[in-house]
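Asker: I'd like to go over a predicted model; first the sequence, then the structure.
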Amino acid sequence: MTNTNNIVIIGGGHNGLVCAAYLAKAGKNVTVLEASEEVGGPAATREFAPGYKASCAHLLNLLDDGIREELELSSNGLSIAKENLTTIALAKDGNHITITPDSVEGSGLTAEDKAAYAEYRRFMTKFAGIIGAMHNLVPPRITTDKENLVPMAKLAWKVRMLGRDDMRELLRIGGINIYDVLKENFDNPLLKGALSLDAVLGTFSGPRSNNSVFTALHRMSGNNSGAAGAASIPAGGMGGVMQAIAGAASRAGAEIRISSPVKRILMDGMAVSGVELENGEQISASTVISNADVRTTILDLLGARHVEADFARRVSNIRSKGNAAKLHLALDGLPSFAGLNESQLGERLVIAPSVEYVEHAFNHCKYGEFSAQPVAEITLPSIHDRSLAPDGKHVLSAIVQYAPRELGTGWTEGKAAFSNAIMDVLETYAPDVRERTVATELLTPQDMEKEFGMTGGHWHHAELSLDQFLMLRPVPRSAQYKSPVDGLYLCGAGCHPGGGIMGSAGKNAANVILADQ
Amino acid sequence: MTKKYDAIVIGAGHNGLTNGAYLAKAGLNTLMVEKNEHIGGATTSLPRYKDDWIYSNCSYVCSLLRPEVYRSLNLAKYGLQVVPYGGAVTIAENGDYIGSYVDPDKARREVARHSHRDADATARFDRDIMRQCRFIRQFLLRTPPDPTSFKPRDLLEMMYMGKEALKLGEDLIYDTMRFYTMSISDFLDEYFENPLVKASHSGSGIIGSALGVMSPGTAYILLHHAMGDVDGSMGAWGFARGGMGAISKAMYDCFTDYGGETLTGNGVDQIIVKNGRAVGVALENGDEHYADVIVSNMTLPRTFLECMDPKDLDPGFLKKVKNFKIRGSSGKINIALDGVPKFTALPENSELARGDMHLIDSTERLERAYDDWKDGIWSQDPYIDMLIPSLTDPTMTPPGKHFMSLFVQYVPPRIKGKDWTDQQVQQFADTVINQIEEYAPGFKDLILHMEVRTPRELENEVGLTEGNIFQGELTLDQLLFNRPIPGYAQYRGPVKGMYMCGSSTAPGGGVMSAPGANAAREILGDLNKTNTVPEGWLDD
Amino acid sequence: MRTVNFSSDHYKDAVFPSPFHSRQKQHNQLKEWTRWADYLSVPAYWCADMEYFSGRNACGVFDITPMVKHLVTGPDALPYLNRLMTRDVSKIKPGRVGYSVWCNEAGRVIDDGTIFHLREGVYRICSQEHQIDWFMTNMLGFDVEITEDTHDVAGLAVQGPTSCAILKDMGLEGIENLTPFGLTYFDFEGTELMVSRTGFTGDLGYELFIDPDYAEVLWDRLFAAGELRGIKAMGSEALDLLRIEAGFILAGVDFLPAMEAVRPTHTRSPFELGLGWLVSFDKGVFNGRQALLEEKEKGSRYNLVKLDIDGNKPAKDSFVYVKGGKKIAGTVTSAMWSPSAKASIALASLEAPLGQPGEEFEVEIYYQRELKWSRVMAPARVVKDVFWNPPRRRQTPPADF
């Protein structure tokens, strides 16, 4: 038993580590308890085949610049293998479209589409800035007292400051779907397909689902040392970023214990008193912070009986149907994609040939089926980082959708079939990919739920949508990183502002805790 | 033609008639122009089979019609009678059904037959819907504010809305925010466990919309169907005795009594603009009529893309009009029946057959119907809102014969991007008829005549662009101050002297008459005339 | 015999006869029926006022079968109930009954009812409103089973000073030893009869629960035993008079059940209903705890009070004014002329802090005499004690009246 001024953080994912680092920097006695052998959760870099490494989260696009600086992540080892990836929308005939923050190029594009892209980037970047400005905000409650009114008024003012026309446009499109907005602006199917993918990656939605403009904006809301939404490949895989954050936390004095799965949160009367590990060890603490998803935290680790029924109901109503699968291929050499040279292979490749294609892929998962023709975001990180694969060999890392958490036929049977469907699609773009593959790992949402403890295998812990955002995230009345139980706080992606390797939920939670103590 | 009017209203649908009636009541010399030979727009009762058979050809039930309008236009005096019909039933493929009874104990036991818990949860569901109804109803007869404006009027209205929202209390505000952004399917999951119970509530979330039950934003559409009432019974629906045309006829008689003139059989070819001001209309037959005020009850695209010269309009404005979402998603089949069809699942002479009948098992089945629409074909397993008004209203058909109204979803405006062919229209009707035949063997043999309306017919005959029954989709981008387009939500058009009063404007579609009434209030205000439009009755 | 039909042809009747229906019919001289939940219920058998006196003076019998009943079992029954209810359920020992309310997280009363601790770890909850959705929502995280068995149990309230003697004569040996809020079992015609010393009249009285198949024979034996002791069937109108005198509140009349409230501000907390004594903050988390703690700190919005009103006019639906008749203090929720207290009495919800014992108000009463309407502002004062609370209510064994 350690002393009771301890702060215990359940889960060494990036938000837990960020939270630990800030608290330790403020002089708190912090212990992070990570269930697996490595910190980082789904962002850890793991060896999936002998000599081949990959991390489930594979692109860095939201990590907060403030956190990067304040935690001195660079001096703690953060290094980027490749900045500002270009997006290449793959076409079967090799007539790809390359998309950068400033421009869009490709043989099939009209001047209108190119001009429309510039305008689209302009307003989307501007609107994403509004969401970006909320990242480091503890969501206000909707009451008329000053502490809540002031931040709400500030937000309203930011919206007004967009100017009349842009404000009207934000109010118009903010709640609708990317399909309609893309249709208003572009003609080229491939361009629309690729842009729509950004809106639906990691969410339970298709391009035609309302809220998908919001998710597109959310993805662009980071200030990841570059243009809005720009993605980069960290050295050492995403695990490299995790090591840097863990390093910052450790250096500030936080203790990080791996292989320490928490079994339950302990209560003394009405307040938390610590945690009990799976091995029976009890660690007392006056403050327990959970980086686990909110459902797991409240219903499994704490127990619904320790909170009021209305709150438990809201928690059990959190929507977290994950449907992004992760594919890792160990390749004995670079695959040949029609129309791509070697340096282009190192960019962000997307398979989303049209909005309709993406929508069709989504249709399946509504009924508990995997997409017959999946969409994918592909990287070959080993091109930029030789530590990830043996000499001359490569890793292909792809987010593949849609794969529902609950597959009608069950994943035991369905996995091979889904894997096949993905390879079939990949093959139409890279005919030799099957031959080059020496090992395959496919993680379905069910696998990720099991491995990382995220309910539904959802990488945002809770569906990212307007009804689960800001003061509604994870649930109304508990959007301020506090649970109703004294001493129990929440810092995971299920909290505002959501998932992606951002760290803001962890930082905001740390600020709330420091203000409380 | 030289006679100059104070106002010209284009389109004698229920909103145009409402608008015209209030203008005429205020003493304005008002002309109504209508392209069809008959008035009513989508609110009609026309004989299409034999003289003694009438159909409610488009809109078919009444609930949303604002009682304030009903009373202030003396519609009862002009013969309008709205008769509530009890209940509804959802019939499943396996032969079971769930009925919605008027009697509260029957209603609860019927749900309990499927899930005891859901029977009790229904009370919670109804309560939460009622809370949303109470909140929104007070804004129906108000002009939306412009949130980007600093004008005192807009600021005051924004403050009023804020104040009313705060009155809900913190928890209800969160509920409201979630309600407006959720899908009906997710929303129902928070109340019910039984698939049939969920299915029975889900149809209201998609009727008239280009969304599926799993699309966020559909919970609001449920509200749009629940916020009406018949004599204070919120959410209740009724038949206008004599078909829906009885509503437009009463309005027309009122309008005429106040001195309004009407020209039918000639559509507007062009709204005449001179020196940046709308001054009149040119009709298809070449006649021109002039007035100080031109009010369009047509859809937004029809008004600005078909009846105005693009030179008179700002290109930015035109782009917004082109981007207006008005995709049709429904069809209508009106049938003359030789007798009452017998549904295998329902008991003989069930009172449930007098209300809305649906053939659906689950929200999933409904969502699949939507997938077809997205691909540009009509649903192969469609959602049907089926009614036999003549069981309640004896005036519609000869004794023993019946009129059946089928509202069908989803039906695309075009088939795979191409215009409907007559053969496809017939195939669509067959899909629907075969579906019903499965649940009511022998149904086909009862059919004496059919009027089939896909979005093509709805557009050609009634003027509803793409056949969208709400004159524009009811999504967040087109609600309240966003309707029809941001900056133009206060019923004024982009040129002086021009107004909009159709369902394209706030608060949207349904036979509600609120847009027509609200536009009239704005017009009368601009003309410094005495306001004849009533204020909304507030509930406390 | 379950009488309520839940099969697919239930719709043929809106309401169903209670298991006592054949006997109620014999007594129902007025041939009037009203509905209570799924059942036919009797508003008055022959004269509501006379039935009231049967209840106060001898013995009145009221059919409580339609009352919603739930059975709670399983290893977590007690912790489950303690999280659900505001009061400390662990204090209700086996064989005892407790009155309680339950709240939502806003601390507003969802319903009130009685908790019967039938056997170790087995509870019955009786309530006015249907609760299964809420009770099941509360199950998350508890190993507990809940069934609603409303229609499987027939119930009779046997109330009044001669009730004990009648039950004894009927053969319930030792019934006189049952203390208030106790419950016990008897063998009755080969089945189990559960009897609790509870009721809604504020007097000596019992509630009997039995398999519906035995309902008629129970009724017959009861009335045979009570013939010489003034037993009478009693309707809901008489019961309403009895409960107001006893100061008992009624859901939907004296407070708005929170689950039904379209206007959440119209609901009441336990404190606002004078039921603060049912709130136990020291037992751990329970629904409404946080909100009720805050209310305790900040103060409540309303007080539910008992008013003793001058004169003899019942103050139905009246407004209550601060003395002087200008400022409204609140409204009457239940009112009657009390034949037993010989007073015009009322329950009223007043805006806090108004409503302290002894405080004086004026009540605006509208009444008519032979169709001529008059209005009177009657002086009234808040009283602390209920209007009817005789020692015999608590006396064990009760005297043989």
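Answerer: Yep, it's here.

Asker: which one is residue 169 nearest to, not counting chain neighbours?
Answerer: No chain specified, so I'll use chain A. In space, and not counting its chain neighbours, A:Glu169 is closest to A:Phe123: 6.1 Å by C-beta to C-beta, 6 or more residues apart in numbering or on different chains. C-beta here means a position set from N, CA and C on the backbone, and glycine is covered the same way.

Asker: I was thinking of chain C, sorry if that wasn't clear
Answerer: The shortest distance from C:Asp169 to any non-neighbouring residue, by C-beta to C-beta, 6+ apart, is to C:Ala225 (4.1 Å).

Asker: C:Ser344 and C:Asp240: what is the separation?
Answerer: Going from C:Ser344 to C:Asp240 by C-beta to C-beta, to the nearest Å gives 16 Å.

Asker: out of the two, which sits in the more crowded spot?
Answerer: C:Ser344 (22 against 19; other C-beta atoms under 10 Å in any protein chain shown).

Asker: what about dumping the CA coordinates of stretch B:396-406 to PDB?
Answerer: Taking Å, rounded to 0.1, in the frame of the first residue of the first chain, the C-alpha atoms of stretch B:396-406 are listed here in PDB:
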ATOM      1  CA  MET B 396     -65.600   9.900 -50.500                       C
ATOM      2  CA  THR B 397     -67.000   6.800 -52.200                       C
ATOM      3  CA  PRO B 398     -70.300   5.100 -53.000                       C
ATOM      4  CA  PRO B 399     -71.500   2.900 -50.100                       C
ATOM      5  CA  GLY B 400     -69.600  -0.300 -49.700                       C
ATOM      6  CA  LYS B 401     -66.800   0.900 -51.900                       C
ATOM      7  CA  HIS B 402     -63.600   2.400 -50.600                       C
ATOM      8  CA  PHE B 403     -60.700   4.700 -51.200                       C
ATOM      9  CA  MET B 404     -57.300   3.600 -50.200                       C
ATOM     10  CA  SER B 405     -54.400   6.000 -49.900                       C
ATOM     11  CA  LEU B 406     -50.800   4.600 -50.100                       C
END
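
Asker: List the contacts of that stretch.
Answerer: By C-beta atoms under 8 Å, 6 or more residues apart in numbering or on different chains, the residues outside stretch B:396-406 that reach it are B:45, B:52-56, B:60, B:242-243, B:332-341, B:384-391, B:432, B:436, B:448.

Asker: what about 6 Å?
Answerer: Outside stretch B:396-406, the residues that touch it by C-beta atoms under 6 Å, 6 or more residues apart in numbering or on different chains are B:52-56, B:60, B:333-335, B:337, B:340, B:384, B:386-390.

Asker: Flag every buried residue along that stretch.
Answerer: For stretch B:396-406, a neighbour-count test (16 or more other C-beta atoms under 10 Å in any protein chain shown) marks B:Met396, B:Thr397, B:Lys401, B:His402, B:Phe403, B:Met404, B:Ser405, B:Leu406 as buried.

Asker: Repeat that for stretch A:93-108.
Answerer: A:His96, A:Ile97, A:Ile99, A:Thr100, A:Pro101, A:Val104, A:Gly106.

Asker: Please narrow the residues you listed to those residing in helices.
Answerer: Taking DSSP state H, every one of these sits outside helices.

Asker: Quick check: the two most widely separated of the residues you listed?
Answerer: A:His96 and A:Pro101 (17.4 Å; C-beta to C-beta).

Asker: Alright, I will stop here.
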